[in-house]
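Undergrad: Below are the sequence and a predicted model; questions follow.
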Amino acid sequence: MAEQLIETEYSEIMQKSYIDYAMSVIVARALPDVRDGLKPVQRRILYDMNELGTRYDQPYRKSARIVGDTMGKYHPHGDSSIYEALVVMEQDFKKGMPLVDGHGNFGSIEGDGAAAMRYTEAKLQKFTQDVYLADMDKNVVDFKPNFDETEREPEVLPVRIPNLLINGAEGIAVGMTTNIPPHNLCEVIDGTIAYMDHPDITNEELMEYIKGPDFPTGGLVINQKDLLSVYQTGQGRIRLRGRVTFEKARKRSERDKLVITEIPYTMIGAGIGKFIADVVSLIETKKTTDITDISNASSKEGIRIVLELKKNADVERLKNLLYKKTRLEDTFGVNMLAISDGKPELLSLKDIIRLHTDFHYEVVRRKYQTLLDRILIEKEVKEGLIAACDVIDLIIEILRGSKSIDQARNCLMYGKTEGINFRSQKSKKAASRLSFTERQAGAILQMRLYRLIGLEILALQEEYAEILKKIKKYEDILNKPAVMKRVIKKDLEKIRKEYGFDRKTSLENASQVVIVEEPVPEKEMVFVMDRFGYGKLLEPANYERNQETADQEYRTVIHCKNTEKLCIFTDTGQMHQLKCQDIPAGRLRDKGTPLDNMANYDSRTEQILKVVPETLLEDGRLLFVTKNAMVKIVDGREFLVQKKTVAATKLGSEDALIAVEYLPGKEDPSSQAVVIQSQDGYFLRFPLSEISMKKKTAIGMRGMSLKDGDEAVHVYLPGLTGDAILYKEKELVFSKLRLMGRDKKGVKVRRS
């Protein structure tokens with residue numbers, strides 16, 4: 001058969017491939033299913049642990065064994081993702097109800113990582129075994145082939161509570177994310193029962209039972225009034241605060257303390273270290289003088305961060321300062337996105353409960369249908385055994401007269417007597433009337449003689465009566481919706497009674513924190529920065545006493561006020577702003593502080609070219625020159641912005657700034673010139689007036705014509721930055737260079 005070429009638009013192939021990839025990530029990796037509230041990796045870990053026998057009443061198993069088995073059978077996406085999911089399901093500070101019981105180092109609330117999987121051990125929690133994995137043998141959920149079709153895995157676990165709410169969820173897919181806070185088990189169960197009783201219940205009415213999120217770290221939700229909107233739309237913001245208590249000093253030798261005993265959920269991990277660093281920064285920058293010491297006394301018993309206070313400290317103002325300036329008050333962005341009917345859907349509170357309850361009904365229906373099917377088989381067998389006891393002599397005669405087990409079975413099932421030796425024609429005629437079912441015949445053939453004892457026959461009849469009761473019970477559950485609802489509610493109430501706990505997170509409506517900062521007394525200071533990027537502020541008197549030394553040792557010396565900002569320009573074309581009051585003051589011999597620790601830039605990839613006080617930009621301009629000799633002048637007022645970091649200029653491909661020079665005044669003096677030096681030793685002197693004023697977003701114009709492989713390295717402004725330089729061990733006076741026009745090659749300066 002001849003080959004047939006199929007032409008397809010490349011963009012269509014790319015679009016289809018990307019959509020397939022995106023949906024695969026969304027459905028098979030990143031988002032939880034609304035029915036069991038689990039992402040695929042979590043579901044596979046729990047199912048594999050159940051199959052491995054790592055139940056709550058069994059010994060712990062190595063985490064590496066669990067991870068390896070899960071990866072080999074169900075989740076071929078790398079061991080690190082599986083172990084990370086296992087660790088999170090064990091951490092009681094992340095999950096409302098931990099699903100895994102860990103033994104060993106599984107990390108801490110302060111951000112310490114878990115030990116390697118070869119060291120830790122794990123097994124299922126009793127809660128997980130009872131609520132998430134019960135009845136897996138009763139056909140309650142569908143199974144599907146695993147990735148290589150050598151095993152079968154459940155599409156969803158038969159979770160009996162709305163796990164999506166109780167444990168929350170977080171995940172990043174392609175173009176979408178989910179972030180659902182955890183809730184209180186008792187409240188969610190109460191809300192679910194209320195929905196079952198009144199399916200037309202509103203989100204607002206549901207919130208009478210489910211008050212709001214209940215984070216395992218406790219703390220306070222301070223915008224309770226916004227929760228209804230969050231639960232109705234599935235999106236919104238929850239404002240969280242840590243819990244702060246005041247402890248009065250008991251002895252004269254002690255100090256009053258502010259103690260943080262609960263933290264916002266968003267501070268889990270490195271957030272505690274960041275909080276302590278922020279408090280230290282508040283002390284160093286004199287934002288508060290009420291704190292004398294800070295220590296982290298947290299342990300397994302709970303969080304305890306202690307701030308020791310000065311005598312007569314303003315406690316309320318300090319609390320507000322901590323809420324305003326640190327992550328002790330933070331925001332949790334809610335986005336209740338989950339997989340429903342195989343596609344991502346943004347869900348309300350009622351949607352989640354409704355969809356899970358529908359799933360729960362289906363699980364219970366399948367469970368009792370399976371139990372009914374099994375017990376009907378048992379009823380059939382018991383009826384056969386009871387009937388057999390009434391004609392046991394005939395059955396024994398059939399067995400003794402048969403030549404094979406098949407011959408005996410056919411006689412019991414179909415009354416076939418050919419080839420069987422009977423003692424009498426009467427027995428043969430009675431045998432021809434037998435019509436046991438296949439299961440009954442099999443049970444009769446396997447029946448032991450001790451079952452013929454009178455008490456055993458009586459027990460058989462009692463078992464049969466019990467079976468009839470169970471059949472009626474199962475049929476009532478399956479056929480009467482009210483009975484099924486009662487069974488589910490009783491099950492939920494049992495879970496609440498056994499595993500419920502009190503709410504940890506308080507809910508309230510608090511006003512926005514307002515900090516009235518005390519005005520800083522304005523005074524003159526001198527900013528100095530060395531060639532390594534270390535800067536500090538000096539008192540003017542200290543600088544004047546050591547002016548000659550300071551001017552020699554520091555590449556930048558700026559007279560400024562402590563209330564203004566410094567604008568830092570770097571070779572990447574960025575401008576970073578830094579408040580003078582954030583720069584520590586020191587003495588001349590002090591080392592200073594790296595500016596990249598205070599301003600938002602990375603000294604490994606950016607180099608400082610110029611530091612300009614913000615006040616000079618009001619009446620000045622800035623000259624920008626790049627290594628490709630692109631030049632422009634920008635009005636200084638364009639850099640009077642609120643952002644800490646902005647793009648100061650636009651750079652071409654593989655270009656970088658080599659100089660930013662401050663030009664005082666607004667008009668270009670016609671007599672002023674600029675000199676550009678290239679790497680190959682060319683110098684071009686031309687009037688500054690030939691450089692046009694541009695916006696900061698412009699690339700500029702070409703200032704010097706460069707040969708291939710050459711680049712601009714220095715810029716000089718005679719009269720502002722000096723009139724001469726030492727070049728190749730000889731003084732080069734700029735005024736002696738021939739004045740040319742912009743975009744010329746310049747003059748080659750050689751050693752004389």
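TA: Sure thing, it's come through.
Undergrad: Please look at residue 68 and residue 79 and confirm they touch.
TA: Yes: using Cβ atoms under 8 Å, residue 68 is in contact with residue 79, at 7.1 Å. For every residue, glycine as well, the C-beta is placed using N, CA and C.
Undergrad: For the stretch 151-300 of the chain, which segments are assigned as helices?
TA: Assigned by DSSP state H, counting those that start in this stretch, the stretch 151-300 of the chain shows helices spanning 163-166, 185-197, 203-206, 227-233, 271-284.
Undergrad: swap that for the stretch 401-550 of the chain, sorry
TA: Per DSSP H, counting those that start in this stretch, the stretch 401-550 of the chain carries helices over the ranges 405-414, 425-431, 438-446, 454-479, 481-499, 540-545, 547-553.
Undergrad: Which of those sits closest to residue 117?
TA: Evaluated over those, closeness to residue 117 peaks at helix 481-499, with 27.8 Å, by Cβ to Cβ.
Undergrad: Check which helices and strands the closest one sits against.
TA: helix 126-131, helix 185-197, helix 349-390, helix 454-479 (3 or more Cβ pairs under 8 Å, 6 or more residues apart in numbering; DSSP states H and E).
Undergrad: The host helix or strand of residue 674 pairs with which strands, parallel or anti?
TA: Per DSSP states H and E, residue 674 falls inside strand 673-678. Applying DSSP bridges to the sheet, strand 673-678 is found paired with strand 682-687 (antiparallel), strand 712-716 (antiparallel).
Undergrad: Quick check: which of those is nearest to residue 151?
TA: strand 712-716 (66.2 Å).
Undergrad: Show me what counts as buried in the closest one.
TA: Of the residues in strand 712-716, 712, 714-716 count as buried by neighbour count, 16 or more other Cβ atoms under 10 Å.
Undergrad: what does stretch 418-429 give?
TA: 420, 422, 427-428.
Undergrad: what's the spacing between it and its chain's center?
TA: 79 Å (Cα atoms, centre = their mean, to the nearest Å).
Undergrad: Who are the contact partners of residue 723?
TA: 733-735 (Cβ atoms under 8 Å, 6 or more residues apart in numbering).
Undergrad: again, only using 6 Å
TA: Counting by Cβ atoms under 6 Å, 6 or more residues apart in numbering, residue 723 touches residue 734.
Undergrad: what helices or strands is the helix or strand harbouring residue 88 leaning on?
TA: Taking DSSP H and E as the criterion, the element that holds residue 88 is helix 79-90. Under the contact criterion of 3 or more Cβ pairs under 6 Å, 6 or more residues apart in numbering; DSSP states H and E, helix 79-90 touches helix 40-52, helix 63-73, strand 100-103.
Undergrad: related to what we said a few turns ago, so which pair among the buried residues of stretch 418-429 is furthest apart in space?
TA: Farthest pair in the buried residues of stretch 418-429, by Cβ to Cβ: 420 and 427, 9.6 Å.
Undergrad: most packed of the helices and strands packed on helix 79-90?
TA: Highest mean neighbour count among the helices and strands packed on helix 79-90 (mean count of other Cβ atoms under 10 Å): helix 40-52, with a mean of 23.
Undergrad: quick one: contacts of stretch 194-208?
TA: Applying Cβ under 6 Å, 6+ apart, the contact partners of stretch 194-208 are 191, 209, 228, 231-232, 348-350, 353, 485.
Undergrad: Repeat the analysis, applying 10 Å as the threshold.
TA: With contacts defined as Cβ atoms under 10 Å, 6 or more residues apart in numbering, stretch 194-208 is touched by 162, 187-188, 190-192, 209-210, 224, 227-233, 348-351, 353-354, 356-357, 360-361, 485-486, 488-489, 492.
Undergrad: Only the buried residues of it, if you could.
TA: Neighbour-count burial for stretch 194-208 flags 194-196, 201, 203, 206-207 (criterion: 16+ other Cβ under 10 Å).
Undergrad: Same question for stretch 356-372.
TA: 356-357, 359-360, 363-364, 366-372.
Undergrad: now, which of the buried residues of stretch 418-429 sits nearest residue 536?
TA: residue 420 (111.9 Å).
Undergrad: For residue 404, see how far away that closest one is.
TA: To residue 404, residue 420 is 10 Å away according to Cβ to Cβ, to the nearest Å.
Undergrad: Also residue 369?
TA: For residue 369 relative to residue 404 (Cβ to Cβ), the value is 38 Å.
Undergrad: next one: residue 334
TA: Between residue 334 and residue 404 the computed distance is 72 Å (Cβ to Cβ).
Undergrad: Also residue 100?
TA: For residue 100, the distance to residue 404 - Cβ to Cβ - is 55 Å.
Undergrad: give the contact list for residue 469.
TA: For residue 469, the contact set (Cβ under 10 Å, 6+ apart) is empty.
Undergrad: hmm, I was thinking of residue 136
TA: Each residue near residue 136 by Cβ under 10 Å, 6+ apart is listed here: 47, 50-51, 143, 154, 157-158.
Undergrad: Farthest-apart pair in those residues, please.
TA: Greatest spacing in the contacts of residue 136, by Cβ to Cβ: 51 and 158 (14.9 Å).
Undergrad: you'd agree residue 750 is in a helix?
TA: No: if the criterion is DSSP: H, G, I helix; E, B strand; the rest coil, then residue 750 is coil and not within a helix.
Undergrad: Give me the neighbour count for it.
TA: By other Cβ atoms under 10 Å, 8 other residues sit near residue 750.
Undergrad: so where's this protein uncertain?
TA: Within the chain, the ranges that satisfy pLDDT under 70 run 1-2, 10, 15-29, 174, 450-455, 513-520, 666-671, 751-752.
Undergrad: Find the residue closest to the residue nearest in space to the middle of the chain in space, skipping its chain neighbours.
TA: The structure's the chain has its C-alpha centroid closest to residue 170; by Cα atoms, centre = their mean the separation is 5.3 Å. Nearest residue to residue 170 in three dimensions, chain neighbours excluded: residue 179, at 5.2 Å (Cβ to Cβ, 6 or more residues apart in numbering).
Undergrad: Return the set of buried residues in the helix holding residue 88.
TA: So for helix 79-90, counting by 16+ other Cβ under 10 Å, buried means 82-83, 85-90.
Undergrad: Alright, calling it a day.
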